[in-house]
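1. what follows is a predicted protein model with its sequence.
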Amino acid sequence: MLRVPVTNLQPGMILARPIVSPQDPKRFLVQRDREVPQDMVPRLRELGIVDVWVRYKDLEFLEEMIDEGLEERQRDVYHHVRRNFETVMSGAAFELDISKYQNSIGDLFGFLKQHTCGSVLLQKLESYDNYLMSHCTNVCYLALLLGMKLERYLIEERSFKTAREAKDLQLLGLGCLLHDVGKMKTPSEILNKPSRLTEDEMRIMEKHTTNGYDMVKGQVPPSAAQIVLNHHQRFNGQGYPTRIDPMTNEVMPPLSGKQIPIFSRIATVVDIYDAATAQRCYSPAKPPVRVLHEMRTWCAGFFDPVIEQAFYEIIPPFPVGQMVKLSNGVEAAVVDFNPRHPTRPKVQGIRNPYGERYLDPAQEEIDMALHPELRITHLQDVDITAYTASQETFNVARQQPALA
């Protein structure tokens, strides 16, 4: 199988996985083993579907790395988000069916705990028609993955709980699922504005944290509600909302560092990542390698360093199945992720530097961690070397011994 950008679909390509209907996540637009009609491609782009899986005879072993049980559980979570958010849009009072949320999140969390091999962690989330609802579902999923990676840190940071309670992530998932619910009260002309917001519009947008908190407090436990309130609070003290002393009505210093609840610190990282890698009304989806670079550079100081490091160890800059070009001119497909050297995955050569297809690609596998002279330089003919430089530096620095 290969991941193929929707824009690169060619006649004769056969789907290895079905394309899910955005309007009804339990229905498929195109079934597996079918060709995607060319006249459907523009519609797929409109729906935010960035890439699809197609058959490729030399890479069929990648199919074993995708577990469709995960996708089914993601759809179930999405269904509950959509139902509650549509209730708010209709003008009805916001009332959470907590038991159904907890059941679907618990099912997803339980599945991830039982499938801790790296293959599950590499699965790309599907795009659905409503950005806000799919974003909340994705943030929940990514937060659970990151939380599982941080079990020891959670026990340390939540020492007021038993070890078992400290690493129970259901409330993390619940808070992340609801983190943007306050945007349902943001005027649509601001929420969906295709250009940069003015200062006044930004102030209105920022109210989604306090609006959302007011909607969920009393309906969900405090640790989940805090995520809704503080997911835009940065580790260095930047961000929002502004803190107001309820007694004096004076502005208080912002939360910073470990004053911010750990669940909120986790939500901050995955929220930024998912938003940047998704197609939105004002920007196209960015490839993970670019987003991870921007998080390391533009967002320096935003994140808890322990959480940030763990995040980079579970999110591949180059997803499995993606076609890349190496510095020696070889075109290759990514076949495995190396968490210690994220920008140096295992790849399988598809075409030589002259554009000729290898007769036996299985014989052309390269572990890039063992070949420092090689680099991934291009995605779909776009030079991405500037994005990998910061990540290479990060990995080298991380492996140096700490100073005494």
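-> Done, it's in.

2. let me see the ranges of the helices in the stretch 301-404 of the chain.
-> 305-312, 385-398 (DSSP state H, counting those that start in this stretch).

3. now tell me what touches the shortest one from outside.
-> Same thing as helix 305-312. With contacts defined as CB atoms under 8 Å, 6 or more residues apart in numbering, helix 305-312 is touched by 146, 149-150, 153, 235, 262, 265-266, 269-270, 273, 292, 295, 303, 342, 391, 394, 398. Every C-beta, even on glycine, is put in place using the N, C-alpha and C of the backbone.

4. for PyMOL, what selects the buried ones among these?
-> A single PyMOL command selects the buried members of these (16 or more other CB atoms under 10 Å):
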select buried, resi 146+149+150+153+235+262+265+266+269+270+273+292+295+303+342+391+394
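
5. verify the contact between residue 95 and residue 219 for me.
-> Yes - here residue 95 lies in contact with residue 219, judged by CB atoms under 8 Å, at a distance of 7.4 Å.

6. hey, least reliable of the helices of the stretch 301-404 of the chain by pLDDT?
-> Between the helices of the stretch 301-404 of the chain, the lowest average pLDDT goes to helix 385-398, which shows a mean of 68.

7. spatially nearest residue to residue 54 (excluding sequence neighbours)?
-> Closest residue to residue 54 apart from its sequence neighbours, by CB to CB, 6 or more residues apart in numbering: residue 13 at 4.5 Å.

8. ditto for residue 15
-> Counting by CB to CB, 6+ apart, the residue nearest residue 15 is residue 32, at 5.2 Å.

9. and that neighbour, how many neighbours?
-> 13 (other CB atoms under 10 Å).

10. ok, it to residue 71 distance?
-> The spacing between residue 32 and residue 71, counted by CB to CB, to the nearest Å, is 12 Å.

11. before we move on, what about residue 233?
-> Taking CB to CB, one finds residue 233 at 32 Å from residue 71.

12. same question for residue 209.
-> For residue 209, the distance to residue 71 - CB to CB - is 30 Å.

13. got it, and residue 251?
-> 45 Å.

14. out of the two, which sits in the busier spot?
-> A direct count of neighbours by other CB under 10 Å for residue 251 and residue 71 places residue 71 higher, at 18 against 10.

15. is that one within a helix or a strand, and which one?
-> helix 68-89 (DSSP states H and E).

16. for that helix, what is the average pLDDT?
-> According to the model, helix 68-89 has a mean pLDDT of 69.

17. same thing with stretch 225-243?
-> 96.

18. the closest residue to residue 150 other than its chain neighbours - how many residues pack around it?
-> Using CB to CB, 6+ apart and skipping the chain neighbours, the partner closest in space to residue 150 is residue 310 (5.4 Å). When neighbours are counted by other CB under 10 Å, residue 310 registers 21.

19. please shift the residue numbers so they start at 825 in all later answers.
-> Fine by me, first position is 825 from now on; the one you just mentioned is residue 1134.

20. now do residue 1134 against residue 1154, distance only.
-> With CB to CB as the criterion, residue 1134 and residue 1154 are 32 Å apart.

21. kindly report the same for residue 844.
-> Residue 844 is 33 Å from residue 1154, by CB to CB.

22. what does residue 920 give?
-> From residue 920 to residue 1154 the distance is 52 Å (CB to CB).

23. then residue 1147?
-> 11 Å.

24. give me the distance between the two termini of stretch 870-882.
-> 31 Å (CA to CA, to the nearest Å).

25. pull out the buried positions in it.
-> For stretch 870-882, by 16+ other CB under 10 Å, it's 871-880, 882.

26. just the ones of those in helices?
-> Nothing among these maps onto helices, per DSSP state H.

27. want to throw the residues you listed into TSV with pLDDT and distance to residue 830?
-> TSV is the format used below for the buried residues of stretch 870-882 (pLDDT from 0 to 100; distance: CB to CB, whole Å):
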residue	pLDDT	distance to residue 830
871	75	9
872	70	10
873	79	6
874	78	7
875	82	6
876	86	6
877	85	12
878	90	11
879	89	16
880	85	16
882	78	22
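
28. okay if I get these as CSV plus distance to residue 1029?
-> Output for those, formatted as CSV (distance: CB to CB, whole Å):
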residue, distance to residue 1029
871, 24
872, 21
873, 26
874, 25
875, 29
876, 33
877, 35
878, 38
879, 43
880, 43
882, 47
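
29. so which of those are in strands?
-> Of the buried residues of stretch 870-882, the ones assigned to strands by DSSP state E are 875-878.

30. just the strands in the stretch 1075-1224 of the chain please.
-> 1075-1076, 1147-1150, 1155-1160, 1170-1175, 1189-1191, 1200-1203, 1206-1207 (DSSP state E, counting those that start in this stretch).

31. want to throw the ones you listed into a markdown table with mean pLDDT?
-> Shown next, in a markdown table, are the strands of the stretch 1075-1224 of the chain (pLDDT from 0 to 100):
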| stretch | mean pLDDT |
| --- | --- |
| strand 1075-1076 | 92 |
| strand 1147-1150 | 95 |
| strand 1155-1160 | 93 |
| strand 1170-1175 | 94 |
| strand 1189-1191 | 94 |
| strand 1200-1203 | 94 |
| strand 1206-1207 | 93 |
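
32. Throw those strands into a markdown table and include distance to residue 960, thanks.
-> Converted to a markdown table, these look like this (distance: least, CB to CB, whole Å):
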| stretch | distance to residue 960 |
| --- | --- |
| strand 1075-1076 | 29 |
| strand 1147-1150 | 31 |
| strand 1155-1160 | 28 |
| strand 1170-1175 | 33 |
| strand 1189-1191 | 37 |
| strand 1200-1203 | 28 |
| strand 1206-1207 | 30 |
